[in-house]
Structure formats: C-alpha cells, structure tokens
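Undergrad: Take this sequence and fold it.
(chains A, B, C and D)
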Number of protein chains: 2
Amino acid sequence: MNRSRITFTLNELVYVLNSTADRLLRANFELTYSQFLFLVTLMSQDKPTPSYLAECLGVSRAAVSQRLSWFQERNLVRVSRVSGNEKNLSLELTRKGELLATQSADFLEKEFRILFDGGSSVDLEKLDKTLTQVKTQLIKKMESRNAA
Amino acid sequence: MNRSRITFTLNELVYVLNSTADRLLRANFELTYSQFLFLVTLMSQDKPTPSYLAECLGVSRAAVSQRLSWFQERNLVRVSRVSGNEKNLSLELTRKGELLATQSADFLEKEFRILFDGGSSVDLEKLDKTLTQVKTQLIKKMESRNAA
DNA sequence: ACTAGTTTGTCAAGTAGTTAACATTAGCCT
DNA sequence: AGGCTAATGTTAACTACTTGACAAACTAGT
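TA: As a prediction, this is how the structure comes out:
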C-alpha cells in the first residue's frame, strides 16, 4: 500500500503541475508545455545537436527530427551544418526563439512562485533534496540488482 | 530557479518509477504499466462504467472505449448491460483478469518495497503527506485565482 | 407527457510519441 | 588505405492518446 500511495501521489502532483504549465503557456504564448521544454532545453545547451537534444528531453531521435520543421517554420530554431562536420546538424535558437523561451520561462517562474509561495508551510528546497535523494537511491538500487 | 528545479525533479522521479514498473510488468506479466493501471483501477471500483473508469484513469471516454476490446479479446474484462439500464455499459474483471491484477499488483508492491526500503533514510510516509499537501495547496490556490 | 438539456459510448480525424530499418558519416585499428 | 563498428538523422508503420461530432438514452421542469 505504501508504494502505491506514493507513486500515485507523485503522478497526480506531476499531472497538476504540467497541465497547469500547459494551460498558462497556451493562454499567454500560444505554446504547449512540450514546445516550451523543447525551447528551454535547447537554450540551456552549449553546442546542441538533435541527438543530444533528444537525450536531454528523454525522447527518441526520431521525435526530435519530426518536430524540428515546426520550429523552423516559425523561425524559432535555425538548423545548419558546421563545415567540416557532415554528420551532425547544428541547432540554435533564433533571436525570436530565444526571446520566446526567455519570456515564457520568466512568466512561468513568476506564476508558479505565486502558486507555491503564499502561506506555504512546505520547505520546497528541502523537498527537492529529498526527492532527488529518493531518485538517485532508486537508480543505484536498480543497477546493483541488475548487476547481480 | 526554485520552481524549475522541483518540477524537473518530480518529472524525473516519476519517469524512473513508471518506466521501472513498466519494465517489471512487461518482463513478468506481459503487461504494460498502463494496462496494469487499467486493470487495478477497474478492480478498485464498485459498479464501474467506461465513463467513470475514464475519469479515474484521467483519460477521455474515447480512450477507454477504444481500449476495451483489447481486454475483452484476452478475456480479462467482461462488458455487459444491466437490464433496465440501456445507457451505461457495465464493466467487470473476469476471474482471469482479477487474478492477473492481483498477482501483478502484489509483485510490483514487493519489488518496489525492495527498491525503496533498504537503507532508506527517507520517511516515505511523511514524504507522501508532504506531496499531498503541496498538491491540494496548488489546486486550492488555482481555484481562488480563477474565481477572482 | 413532452420537451429541453445532459450524459453516455462511439467514430473519424489529428497529434505526438514509439520502434525498426536504412543510408550516410566518423572514428579506429592494424 | 581499407574495413569494421558505432553514431546520426530520416523515414515508415504503428500505438495511444486527443477533440469534436454524433445518436441514443436518461432526467427534470412545467
């Protein structure tokens, strides 16, 4: 019972958070949450390629490949080849894409601060640490089980 | 930054949990995690209808309608009409479906206990309470904002 | 009793992901 | 240099959802 309860609670909480973000982004930036993640993930990378972006987003290379044209058409992402490297595509945000990513991230940050902070009796900093701890612990356990 | 970190952490943790469950269920019961959820959710209900099941699973009625035949073909779920009620379908697990749901749930419970418990320095009971608190607080906040 | 509105289940069309297979390119190694 | 191996990006076919429209069946109000 213990296990089920906490995994269900986690799923429910994530659902609330993500769908709230999605609603806010659609209403204010005509962007879905997953499009938002695509942009901010791209922005946070140094010399991004589709393959690495896929890994960071936790999706397949095929998924990134299929979505790229959407961002190109809207002039949010520029796809190019670096001379001397015929294998990798090079991705970068356009100025417009960068602006959209920055503004929407700031907006979302602000909105969530309002939702989270007011009269919050929960230490979010600490909660984050605890969750990270649980995650790494799980992963370590799984590895040691698989090795055996 | 605060907001982003914790929502990302939550998403990552949920991903680890759900994909672990999926892997275990596929390997041992030839069941995906979402098929598992379908069965256990159905089992936990009193007089289930497709519409109510959809609500509990957090998906559309259409999604449930489309998936039902899969469970019927494998003799896991029985779909019928209760006389005097032409509107609602009545769902119930077959004996085979009930067995599968029970056994896979027990199995998953046991596996997760191993992953969670050993040397865990985290009080999961308390963590669950905290998460629930955050969730309800968020929902309440959102309602009061929308009302204004 | 009837009409107006609501709920239910299903279908069609669209979306966003998956895996598998493929050609191409890059790196290695001997 | 040549040849194996691995990685990249794209495509095709599939899956599991979505929304919107719909007919059929219930529920109320008067």
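Undergrad: Which elements pack onto the helix or strand where residue A:41 lies?
TA: Element membership for residue A:41, per DSSP states H and E: helix A:33-43. Applying 3 or more Cβ pairs under 8 Å, 6 or more residues apart in numbering or on different chains; DSSP states H and E, we find helix A:33-43 packed against helix A:2-29, helix A:50-57, helix A:61-73, strand A:89-93, helix A:95-117. Using the backbone N, CA and C atoms, a C-beta is placed for each residue, glycine as well.
Undergrad: Mean pLDDT added to those, as JSON lines?
TA: Formatted as JSON lines, the helices and strands packed on helix A:33-43 follow (pLDDT from 0 to 100):
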{"stretch": "helix A:2-29", "mean pLDDT": "90"}
{"stretch": "helix A:50-57", "mean pLDDT": "96"}
{"stretch": "helix A:61-73", "mean pLDDT": "97"}
{"stretch": "strand A:89-93", "mean pLDDT": "96"}
{"stretch": "helix A:95-117", "mean pLDDT": "93"}
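Undergrad: now the ones you listed as CSV including mean neighbour count and distance to residue B:76?
TA: As requested, the helices and strands packed on helix A:33-43 are exported to CSV (neighbours: other Cβ atoms under 10 Å in any protein chain shown; distance: least, Cβ to Cβ, whole Å):
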stretch, mean neighbour count, distance to residue B:76
helix A:2-29, 17, 20
helix A:50-57, 17, 34
helix A:61-73, 14, 31
strand A:89-93, 18, 45
helix A:95-117, 16, 40
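Undergrad: of all those, which lies closest to residue B:65?
TA: helix A:2-29 (21.5 Å; Cβ to Cβ).
Undergrad: do the closest one and chain B meet?
TA: Yes. Helix A:2-29 reaches chain B (Cβ under 8 Å from any Cβ of the partner chain) through A:2-7, A:9-18, A:20-21.
Undergrad: need the contact list for residue A:108.
TA: Contacts for residue A:108 (Cβ atoms under 8 Å, 6 or more residues apart in numbering or on different chains) come out as A:21, A:24-25, A:36, B:3.
Undergrad: do the same with residue A:135
TA: Contacts of residue A:135 by Cβ under 8 Å, 6+ apart are B:9, B:12-13, B:16.
Undergrad: ok, and what's touching stretch A:124-133?
TA: Contacts for stretch A:124-133 (Cβ under 8 Å, 6+ apart): A:116, B:2, B:5-6, B:9-10, B:13, B:121-122, B:127, B:130-131, B:134.
Undergrad: distance of residue A:12 from DNA strand C?
TA: 21 Å (Cβ to the nearest atom of the strand, to the nearest Å).
Undergrad: Find the nearest non-adjacent residue to the residue nearest the centre of chain A, please.
TA: The residue lying closest to the centre of chain A (Cα atoms, centre = their mean) is residue A:37, at 4.0 Å. With Cβ to Cβ, 6 or more residues apart in numbering or on different chains as the criterion, residue A:37 has its nearest non-adjacent residue at 6.5 Å, and that residue is residue A:57.
Undergrad: For that neighbour, give me its contacts.
TA: Here residue A:57 is in contact with A:37-38, A:41, A:63-64 (Cβ under 8 Å, 6+ apart).
Undergrad: ditto for residue A:26
TA: By Cβ under 8 Å, 6+ apart, the neighbours of residue A:26 are residue A:32.
Undergrad: From DNA strand C, how far out is it?
TA: Relative to DNA strand C, and taking Cβ to the nearest atom of the strand, residue A:26 is found at 11 Å.
Undergrad: With residue A:140 instead?
TA: 23 Å.
Undergrad: ok, now residue A:92?
TA: In terms of Cβ to the nearest atom of the strand, residue A:92 sits 19 Å off from DNA strand C.
Undergrad: for that residue, which residues make a bridge with it?
TA: residue A:78 (DSSP bridges).
Undergrad: Return the residues in contact with it.
TA: Here residue A:92 is in contact with A:42, A:48, A:77-78, A:80 (Cβ under 8 Å, 6+ apart).
Undergrad: Now a PyMOL select for only the buried ones of these.
TA: Of these, the buried ones go into a single PyMOL selection, burial set by 16 or more other Cβ atoms under 10 Å in any protein chain shown:
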select buried, chain A and resi 42+48+77
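Undergrad: Which of the contacts of residue A:92 sits closest to residue A:97?
TA: Out of the contacts of residue A:92, the member with the shortest distance to residue A:97 (by Cβ to Cβ) is residue A:77, at 5.5 Å.
Undergrad: Please tell me the pLDDT value assigned to residue A:87.
TA: Looking at residue A:87, its pLDDT stands at 89.
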